[in-house]
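A.B. asks: Got a sequence here, can you build the structure:
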Amino acid sequence: MEKIEWRINGGINPRLTKSDFELLDFDAKKDVVWGLQCNLEYASNFHGVDREVFQKVRRLVDQHADITIDNVDALYDLMVAETKIHTKNMLKATYDYHNSLGRKIQQQQKELGFSGFLEMSPGKLCGYIEEYGSWNNFDPVLVGDVIMELEGSVPTKDYGINNPNTGAPIHKWKINSDYLIMSFGYVSEKDLERIESYYLKQWGVLGRKAKADSIRIEKDSINGFGNGEHFDVELVMWWD
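C.D. replies: Okay, here's the model as predicted:
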């Protein structure tokens with residue numbers, strides 16, 4: 001089993017647990033707490049948060065020297081709790097902001113008459129379909145709920161616990177008048193297996209919940225460029 005490193009790529013490993021933290025010496029603990037404090041000041045440390053809505057958190061400790069052997073454990077708990085709260089708040093603010101942008105995209109589409117597939121974030125996608133409205137079995141509120149549920153369980157990059165790119169998205173959403181698609185580009189055979197499992201356990205089940213008339217997975221093998229076979233994958237829902 002891979003041993004976790006508390007510092008990766010110059011920052012704090014987001015997969016560090018309280019148990020891992022407790023095994024560190026004081027100097028390392030001090031750096032972890034200060035690093036978590038600094039993370040709260042930059043949008044780039046919050047996956048999925050739009051810089052346009054990001055707000056810094058007030059400093060919970062003024063300077064590195066204020067972290068002592070007596071308060072370091074309590075400060076760690078405080079930083080972790082604040083990070084969870086702020087992440088939730090900023091993701092909600094991002095969703096609301098993107099939802100409004102998605103509505104504007106649909107309004108512009110109606111006005112200007114352009115068509116074809118549009119690639120969007122989940123929040124924009126929900127706003128877009130809410131503005132589009134319902135037809136036949138297509139319920140935009142229900143479909144929006146399904147989109148967010150799918151977004152919460154989709155496979156992400158997995159390069160191990162000590163890689164800063166682990167947890168980053170490997171998918172994109174796109175939509176046109178009839179189709180809702182989650183696409184994955186140039187994925188490995190290992191990732192393909194994870195996506196196929198996700199399709200069976202999540203996409204298919206929630207697609208039926210969304211009353212899609214067609215639910216399917218499409219896979220294309222592409223040149224691996226010496227790194228093994230890779231694939232382009234699309235998970236598809238379609239409404240008549």
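
A.B. asks: The closest residue in space to residue 39 that isn't next to it in sequence and residue 187, how far apart?
C.D. replies: Distances taken as CB to CB, 6 or more residues apart in numbering place residue 45 nearest to residue 39, at 4.2 Å, with adjacent residues excluded. (C-beta placed from N, C-alpha, C; glycine too.) Counting by CB to CB, to the nearest Å, the gap from residue 45 to residue 187 is 26 Å.

A.B. asks: Likewise for residue 41?
C.D. replies: Distance, residue 41 to residue 187, by CB to CB: 34 Å.

A.B. asks: show me the contacts for the residue nearest the centre of the chain.
C.D. replies: The chain has residue 48 as the residue nearest its centroid, 5.3 Å off, counting by CA atoms, centre = their mean. Contact analysis of residue 48 by CB atoms under 8 Å, 6 or more residues apart in numbering lists 91, 94.

A.B. asks: Helix or strand for it, just tell me which one.
C.D. replies: Per DSSP states H and E, residue 48 falls between elements, in no helix or strand.

A.B. asks: backbone phi and psi for it, please?
C.D. replies: Dihedral angles phi and psi of residue 48 (degrees, to the nearest 10) take the values phi 80, psi 0.

A.B. asks: residue boundaries of the helices in this structure?
C.D. replies: Secondary structure of the chain by DSSP state H: the helices cover 18-22, 26-39, 72-112, 122-132, 140-151, 189-198, 204-209.

A.B. asks: Tell me which of those lies nearest to residue 6.
C.D. replies: Of all the helices of the chain, it is helix 26-39 that lies closest to residue 6, at 5.8 Å by CB to CB.

A.B. asks: buried stuff in the closest one?
C.D. replies: Buried residues in helix 26-39, counted by 16 or more other CB atoms under 10 Å: 29, 30, 31, 32, 33, 34, 35, 36, 37, 39.

A.B. asks: Give me the domain ranges for the protein.
C.D. replies: Following automatic domain parsing, one finds the domains of the chain at 7-90, 117-238.

A.B. asks: Make TSV out of the ones you listed and add distance to residue 98 and mean pLDDT.
C.D. replies: TSV is the format used below for the domains of the chain (distance: least, CB to CB, whole Å; pLDDT from 0 to 100):
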stretch	distance to residue 98	mean pLDDT
domain 7-90	7	96
domain 117-238	3	95
